[in-house]
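Visitor: Sequence first, then the predicted structure:
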Amino acid sequence: MEDATKAMATWLGALARTGVVHGADANAGEDLAAYVVGADKLAQLHAWFAGAAPKDVAREKTAAIEVCIWMAYADRELDPAEGNLLLGIIDASGLDEDAKGALLAATHEPPSLKNLVKRLTQPVLRELLLALAWELAQADGRISRAENDFYRGLARKLEVTEERAEAIREAVSRRLG
């Protein structure tokens, strides 16, 4: 599980640079994220966060953190290291106390991802979260059928095409393999 926690922490460095979380090492994961989605798309994401309305930023942050919580529960149990990482993500999110409280409650039972696509609207952020999901699936050195199904299901929820989801999966695997 330590590998999965490291994988999530690495990606959160990239997410920190987008404005999803603050206070983390903003350079960690940036190279991997740029490799997966491309430097231009990553720059577009940074610009989007810099120019978005505060309510839109809060919506995207909340949805992204909910996906991270859901991913941590993909195996139906939350490892203590994953739980601590999620608490740190929530604490560093820059969200208001009510939003943080709701997310903290969600760490005890995975949140619903119903209408996720309406809440997580930024396409590059969707791709980054999908890349994170695949790295987490690979973290233990084996990919189970459930992890493959989870990845495909998340891609559908995020409205990432099968072709793009496969390209993301291959990019993460190449970079980490």
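Guide: Everything's here; your move. Everything numeric in this text was worked out from a predicted model, so none of it was measured. Numbers count the residues shown, from 1 in each chain.

Visitor: Now for residue 37, how many residues are close by?
Guide: 25 (other Cβ atoms under 10 Å). From N, CA and C alone the C-beta is placed, and that goes for glycine too.

Visitor: quick one, what contacts the closest residue to it other than its chain neighbours?
Guide: Residue nearest to residue 37 in three dimensions, not counting chain neighbours: residue 127, with 5.1 Å by Cβ to Cβ, 6 or more residues apart in numbering. Counting by Cβ atoms under 8 Å, 6 or more residues apart in numbering, residue 127 makes contact with 36-37, 41, 158, 160, 164, 168.

Visitor: Could you pull out the strands in the protein for me?
Guide: With DSSP state E as the criterion, the chain has no strands.

Visitor: Could you double-check that residue 150 sits in contact with residue 136?
Guide: No. Residue 150 is beyond contact range of residue 136, at 9.4 Å (criterion: Cβ atoms under 8 Å).

Visitor: More neighbours: the two, which one.
Guide: Using other Cβ under 10 Å, the more surrounded residue of residue 150 and residue 136 is residue 136, with 25 against 19.

Visitor: got a list of what the spatially most central residue of the chain touches?
Guide: For the chain, the residue nearest the mean C-alpha position is residue 129 (3.5 Å; Cα atoms, centre = their mean). By Cβ under 8 Å, 6+ apart, residue 129 lies in contact with 64, 67-68, 120, 154, 158.

Visitor: hey, which helix is longest across this protein?
Guide: Across the chain, the longest stretch assigned as helix under DSSP state H is helix 54-72.
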